[in-house]
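Undergrad: Sequence below, structure please.
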Amino acid sequence: MGYEVLNSNGEKIILDDKAFSSGGEGEVRRVVSPACYKNHCVKIYYKQKRTQMQADKIQFMVDNPPAKIQTDRFMIGWPIQTIYHLNREFVGFMMPLAFSGSITLIYLTSLHLSKKLNADWQKYSRYNGRDGLVARFKLMNNIAIPVFLLHNTGKYVLKDFKPENVLVTHSGEITIVDMDSIQITNGQKVLFPGTAATQDYIPPEFYNGIAGRTAGVPLERSWDNFALSVVFYKLLFGLHPYAVTPKNQKDDSSSDISDNISDDLFPFGNNTHKIAGFPPPHDKFHILPEPLQNFFKRAFSLNAVDRPNADEWGKLLHDIVKNAEKLKPSKPSKPSKPSKPSKPSTPSEPSKPSKPSNPPKPPKPPKPSKPPKPPKSKSLVKRVLLSIVGIVGILFIISRLFAPPSEEQLKDFEKYKNAAITNYNFAKKNGDKFAYKEFLKNCNKALSIKKDDELKRMKKEIDKETK
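TA: Numbering: from 1, shown residues only. Coordinates of the predicted model:
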């Protein structure tokens, strides 16, 4: 039979009996008929969410769309019609259906590709060298375009941009969803506030009490610029840009990431001296083109105004991809042709006999060796002095071995221990072999300064797992 609703023109829309997606606000059903809406779906709000304010917000979005909401590369899950119950009660909105075969971007922002993904997705593998990196750059470019179009209206801030709200196909088509939670403004007046935000994607100015704390004061686009850069960093490296171990850790009840955002602890930012260690995937930051490194450094700073926006990201990524595709793999050099053998002399041209060489001169008889001189008393003194120096050196080394570590050595010990623990936790959680090696390296450095039972226990566990 289908689930029947009406659009704003009173036209009957038939939806699928079952929802294919649901969340905290409602559920989403495919459109069955009319045929002109075949590639669309409808979000039906739960009863408690069917407020007049939400109805007004959806109608504003229907009347004020971005310049484009759909191309062959991206799609915005934008309301195109307000939907009503048969009794004319507001229930939701219609939007374009995501590209076929779409999955959430979370699958590509984790450290390793999920085993559930088929061979079509392997081009995004981080073990795929330059080609894998370029494939991810293209995705980033496709994400930047719709974000730019939304910001370019001057009315919209996403507020809750994160991988869960981005769908992607293996061919690189992007769909941005959850659009009904955005902030809508008219100049500096908030018409409809954003209804959600996620801690790990909120910029430092919120935690420092500068933005997002006062009702009626609009969020700037720099809020989204921060979240966009976090998503891009996770897409490239598989971890959050602020996933570090600070030297001064706060209590366990607070979120590590949000604390690090608040304290401006980006591994390649201005406060590296406050960071005790970070997981190995961050080290790959240095392989990025320098302009891209600079974009991330601008994005993850306390200067919100200087953050690269979606337009800047799109232009930079387009240029990087364009230049990367010009670079073709070098072809293997052809083996050099063997040199032609010299022509043998023909009978008509006999070779000339070589001139006889002069007879060699007889070797000179060796000079008789001089008898060795008897040792002088000075050599005995020299040997005694060397022995004394050697004994003093040994005593110095022994004293160093048994002496307590200096203040400087204790600082180094703490640094190596923190780095070892960070790599240990990362290795245990993700099974990362490089992290295992980094743990052992830092662990050995720490133990060379001072004994530590915790590090010894960790080392034994790692040794068992890697055998």
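
Undergrad: what's near enough to touch the residue lying closest to residue 225 once chain neighbours are set aside?
TA: In this structure, residue 225 finds its nearest non-sequential neighbour in residue 307, 4.2 Å apart by Cβ to Cβ, 6 or more residues apart in numbering. For glycine as for every other residue, the C-beta is placed from the backbone atoms N, C-alpha and C. Residue 307 makes contacts with 222, 225-226, 229, 298-299, 301, as judged by Cβ atoms under 8 Å, 6 or more residues apart in numbering.

Undergrad: I'd like to know the predicted local confidence at residue 307, please.
TA: At residue 307, the predicted lDDT confidence score is 97.

Undergrad: tally of neighbours for residue 429?
TA: As a burial measure, residue 429 scores 11 neighbours (other Cβ atoms under 10 Å).

Undergrad: I should have written residue 160 there, sorry.
TA: Neighbour count of residue 160, defined by other Cβ under 10 Å: 21.

Undergrad: cool, residue 51 as well?
TA: When neighbours are defined as other Cβ under 10 Å, residue 51 has 11 of them.

Undergrad: Relative to residue 129, how far out is it?
TA: Distance, residue 51 to residue 129, using Cβ to Cβ, to the nearest Å: 52 Å.

Undergrad: before we move on, what about residue 76?
TA: For residue 76 relative to residue 129 (Cβ to Cβ), the value is 33 Å.

Undergrad: For those two, indicate the residue with more neighbours.
TA: Higher neighbour count among residue 76 and residue 129: residue 76, with 23 against 9, using other Cβ under 10 Å.

Undergrad: I figured that one hits residue 148, correct?
TA: No. The criterion here is Cβ atoms under 8 Å, and residue 76 misses it with residue 148 at 11.4 Å.

Undergrad: which residues are common contacts for the two?
TA: Contacts common to residue 76 and residue 148, judged by Cβ under 8 Å, 6+ apart, are absent.

Undergrad: Phi, psi for the residue nearest to residue 225 please.
TA: With angles defined as degrees, to the nearest 10, residue 307 sits at phi -60, psi 140.

Undergrad: gap between it and residue 319?
TA: As judged by Cβ to Cβ, residue 307 and residue 319 stand 19 Å apart.

Undergrad: Burial check on residue 110, number of neighbours?
TA: Around residue 110 there are 13 other residues, counting by other Cβ under 10 Å.

Undergrad: Give me the pLDDT value at it.
TA: pLDDT, residue 110: 92.

Undergrad: Next one: it from residue 260, what distance?
TA: According to Cβ to Cβ, residue 110 stands 19 Å off from residue 260.

Undergrad: Could you do residue 189 as well?
TA: Computed as Cβ to Cβ, the residue 189 to residue 260 distance reads 34 Å.

Undergrad: So which of those two has more stuff around it?
TA: Set residue 189 next to residue 260 and count neighbours by other Cβ under 10 Å: residue 260 wins out with 26 against 9.

Undergrad: Please name the nearest non-neighbouring residue to the more buried one.
TA: residue 242 (3.9 Å).

Undergrad: contacting residues for the one you found?
TA: By Cβ under 8 Å, 6+ apart, the contact set of residue 242 is 257, 260-261, 265-266, 300.

Undergrad: That one and residue 302: what is the separation?
TA: 13 Å.

Undergrad: got the residue ranges for the helices in this protein?
TA: Using DSSP state H, the helices of the chain run over 52-63, 106-109, 129-152, 204-207, 221-237, 256-262, 290-299, 310-326, 377-402, 407-430, 433-449, 453-466.

Undergrad: Out of those helices, flag the one nearest residue 179.
TA: Among the helices of the chain, the nearest to residue 179 by Cβ to Cβ is helix 52-63 (7.3 Å).

Undergrad: How about residue 114, nearest residue that isn't a chain neighbour?
TA: With Cβ to Cβ, 6+ apart as the criterion, residue 114 has its nearest non-adjacent residue at 5.3 Å, and that residue is residue 107.

Undergrad: which residues touch the one you found?
TA: Applying Cβ under 8 Å, 6+ apart to residue 107 gives the contacts 113-114, 116-117, 121.

Undergrad: Model confidence for residue 453, exactly?
TA: With respect to pLDDT, residue 453 scores 83.

Undergrad: Please apply the same query to residue 375.
TA: If you check residue 375, the pLDDT there is 50.

Undergrad: And the one 10 residues further on, by the same measure?
TA: Confidence per residue is given as pLDDT, and for residue 385 that number is 62.

Undergrad: hey, where'd the strands end up in the stretch 1-150 of the chain?
TA: For the stretch 1-150 of the chain, the strands defined by DSSP state E, counting those that start in this stretch cover 3-7, 12-15, 21-22, 26-33, 40-45, 74-76, 81-84, 90-96, 103-104.

Undergrad: The stretch 151-300 of the chain too?
TA: 156-157, 166-168, 174-176, 183-186, 189-192, 245-246, 275-277.

Undergrad: Serialize those strands to TSV and add fields for mean pLDDT.
TA: Shown next, in TSV, are those (pLDDT from 0 to 100):
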stretch	mean pLDDT
strand 156-157	98
strand 166-168	98
strand 174-176	98
strand 183-186	97
strand 189-192	96
strand 245-246	93
strand 275-277	93
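
Undergrad: Tabulate those strands in TSV, adding columns for distance to residue 137.
TA: Below are the strands of the stretch 151-300 of the chain laid out as TSV (distance: least, Cβ to Cβ, whole Å):
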stretch	distance to residue 137
strand 156-157	25
strand 166-168	14
strand 174-176	13
strand 183-186	29
strand 189-192	34
strand 245-246	29
strand 275-277	27
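
Undergrad: Where does pLDDT dip in the stretch 101-250 of the chain?
TA: Along the stretch 101-250 of the chain, the parts satisfying pLDDT under 70 run over 250.

Undergrad: at 80 what do you get?
TA: Counting by pLDDT under 80, the stretch 101-250 of the chain shows low-confidence ranges at 249-250.

Undergrad: repeat for the stretch 301-450 of the chain
TA: Along the stretch 301-450 of the chain, the model assigns pLDDT under 80 to residues 325-412, 414-416, 418-420, 423, 425-439, 441-442, 448, 450.

Undergrad: ok, now with 70
TA: In the stretch 301-450 of the chain, residues with pLDDT under 70: 326-404, 430-434.

Undergrad: re the thing from before, dump the strands of the stretch 1-150 of the chain into JSON lines; add distance to residue 406 as well.
TA: Shown next, in JSON lines, are the strands of the stretch 1-150 of the chain (distance: least, Cβ to Cβ, whole Å):
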{"stretch": "strand 3-7", "distance to residue 406": "75"}
{"stretch": "strand 12-15", "distance to residue 406": "74"}
{"stretch": "strand 21-22", "distance to residue 406": "61"}
{"stretch": "strand 26-33", "distance to residue 406": "64"}
{"stretch": "strand 40-45", "distance to residue 406": "65"}
{"stretch": "strand 74-76", "distance to residue 406": "59"}
{"stretch": "strand 81-84", "distance to residue 406": "73"}
{"stretch": "strand 90-96", "distance to residue 406": "66"}
{"stretch": "strand 103-104", "distance to residue 406": "52"}
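
Undergrad: looking at the ones you listed, which has the lowest confidence?
TA: Lowest mean pLDDT within these: strand 21-22, a mean of 92.

Undergrad: neighbouring strands for it, and are they parallel or not?
TA: strand 26-33 (antiparallel) (DSSP bridges).
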